[in-house]
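> after the sequence you'll find the predicted model.
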Amino acid sequence: MKIFTIIGARPQFIKASAMSREIEKHTDVQDFILHTGQHFDANMSEVFFKQMKIPKPDVNLNIHGMTHGAMTGQMLQGIEENLLAEKPDVVLVYGDTNSTLAGALAAAKLHIPVGHVEAGLRSFNMKMPEEINRVLTDHISKWLFCPTADAVSNLENEGVADNHIFRTGDIMYDSAVHFAEFARSPKEELPQQFALCTLHRAENTDNPEILASLVQSLESIAKDLPLVLPLHPRTKKKLDDAGLSLSSAIHCIEPVGYLEMLWLLKHTQIVLTDSGGLQKEAYFFEKACITLREETEWVELTEYGINRICGHDQGKIHAAFQEFRLNKVVFPKALYGDGHSAQTMLNTMLQR
């Protein structure tokens, strides 16, 4: 079998590393990796390939920094050209980015079966480009690899045939289990106790009023607990454009690699984020999470009370922070499988 893997963004690098380790065990499986270039900065891309020993991409389209339509269109063209040249048996896409949709669409139009890792997730907010990407990708894929029972239910409710749906567990848990022992601290000097925050989504950074409100919330939290913020380049630009500065209690550091992020997750007291992946990774390391969005696709985390959806509401953010600091949080076990989801996915495709 020849698998054509399409990646483009940080979370996809993490997921692909688990699949690459599994593919290496099979001498009869070849993996061709195409990097769209969606995340191109060395701190957002190259470092992950080095740390996680992901095979160097066979092709890098170097497409980034455009509008959604332009980016997706150029990716579609570039991916199609490489699919025609490589003639793979399977195309594997991850998550919900423009790279995901472009890869699935190019393959489907060439009648190449698609496997979608992280299928069935829904925020039910069609204003999010990620929601559009994941819904469309699910409905043109052959193998829908669902991380949770809720993801399975979402697909069933949309009329997807059962023989296309597979509950496999979460491939990011595979990576967390494998790499946890290799975690290492960032190069910057950090406080012994801290909250960890990431902030990058357009709905939070593109509106100066929302961004200012979030900064005020972070500053308030930092008065009680120092805050570490690996600063996404796009977020830094938006802060500068809005004339917003951060106090010394917020420790802004360069974007970190995966091993450094695992270290931060191990050592933080609490997580604040608008990232989907980091919400799960907080759970992997039994850390309560405040989600700086109006919804989450990881609904099971909110159902168990270990994740609070707060958006940019300062009152909600402060209340959730105080609640998590003062009360013991109980974490349910095995929400995302047993750490062998990549093996399950590959075996499913081999039985095609």
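Right, received. Where do you want to start?

> His116 belongs to a strand, doesn't it?
Yes: His116: assigned to a strand according to DSSP: H, G, I helix; E, B strand; the rest coil.

> skipping its backbone neighbours, what lies nearest it in space?
Ser141 (4.1 Å; CB to CB, 6 or more residues apart in numbering). Bear in mind the C-beta positions are built from the backbone N, C-alpha and C, glycine included.

> now do the helices in the stretch 101-250 of the chain.
Under the criterion DSSP state H, counting those that start in this stretch, the stretch 101-250 of the chain contains helices at 129-138, 149-157, 171-179, 202-205, 208-224, 233-241.

> mean confidence for stretch 283-299?
When pLDDT is averaged over stretch 283-299, the result is 96.

> residue ranges with poor pLDDT in the stretch 1-150 of the chain?
39-45 (pLDDT under 70).

> what about the strands in it?
2-7, 30-35, 59-60, 90-94, 114-117, 143-146 (DSSP state E, counting those that start in this stretch).

> how many residues are close by the closest residue in space to Phe182 that isn't next to it in sequence?
Take Phe182 and drop its neighbours on the chain: the residue closest to it by CB to CB, 6+ apart is Leu259, 5.5 Å away. By other CB atoms under 10 Å, the residues close to Leu259 number 19.

> for Leu259, what are its contacts?
By CB atoms under 8 Å, 6 or more residues apart in numbering, the contact list for Leu259 reads Gln51, Phe179, Phe182, Ala183, Arg184.

> on that earlier part again, and the residue nearest to His116, how far is that from Val93?
8 Å (CB to CB, to the nearest Å).

> compare those two (neighbour count), which wins?
Val93 (31 against 23).

> look up how far Lys25 lies from the more buried one.
22 Å.

> ok, now Ala102?
Distance from Ala102 to Lys25, by CB to CB: 29 Å.

> more crowded one of these two?
Ranked by neighbour count (other CB under 10 Å), Ala102 and Lys25 place Ala102 first, with 29 against 9.

> which residues sit in contact with the more buried one?
Ile6, Thr36, Thr72, Met75, Leu76, Ile79.

> now with 6 Å, please.
Thr72, Met75, Leu76, Ile79 (CB atoms under 6 Å, 6 or more residues apart in numbering).

> and Ala16, by the same measure?
Shown in contact with Ala16 (CB under 6 Å, 6+ apart): Thr5, Ile7.

> let's see 7 Å
By CB atoms under 7 Å, 6 or more residues apart in numbering, Ala16 lies in contact with Thr5, Ile7, Ile54, Tyr94.

> okay if I get those residues as TSV plus distance to Val215?
Output for these, formatted as TSV (distance: CB to CB, whole Å):
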residue	distance to Val215
Thr5	38
Ile7	32
Ile54	35
Tyr94	31
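
> of those residues, which is the nearest to Ala107?
Of all those, Thr5 has the smallest distance to Ala107: 11.5 Å, by CB to CB.

> that closest one: neighbour count?
Thr5, neighbours per other CB under 10 Å, totals 28.

> that one against Val93, yeah?
No: applying CB atoms under 7 Å as the test, Thr5 and Val93 come out as separate, 8.2 Å apart.

> how about the contacts made by Leu229?
Neighbours of Leu229 in contact, by CB under 7 Å, 6+ apart: Cys197, Ile250, His251, Cys252.

> right, and the second one touches Ser220 too?
No: shown here, Ile250 and Ser220 do not form a contact pair, counting by CB under 7 Å, at 10.9 Å.

> more neighbours, these two?
Ile250 (20 against 13).

> looking at the sheet around Phe145, what are its partners?
Val117, Phe166 (DSSP bridges).

> so what's it up against?
Gly115, His116, Val117, Ala119, Phe166, Thr168, Met345.

> no further questions, thank you.
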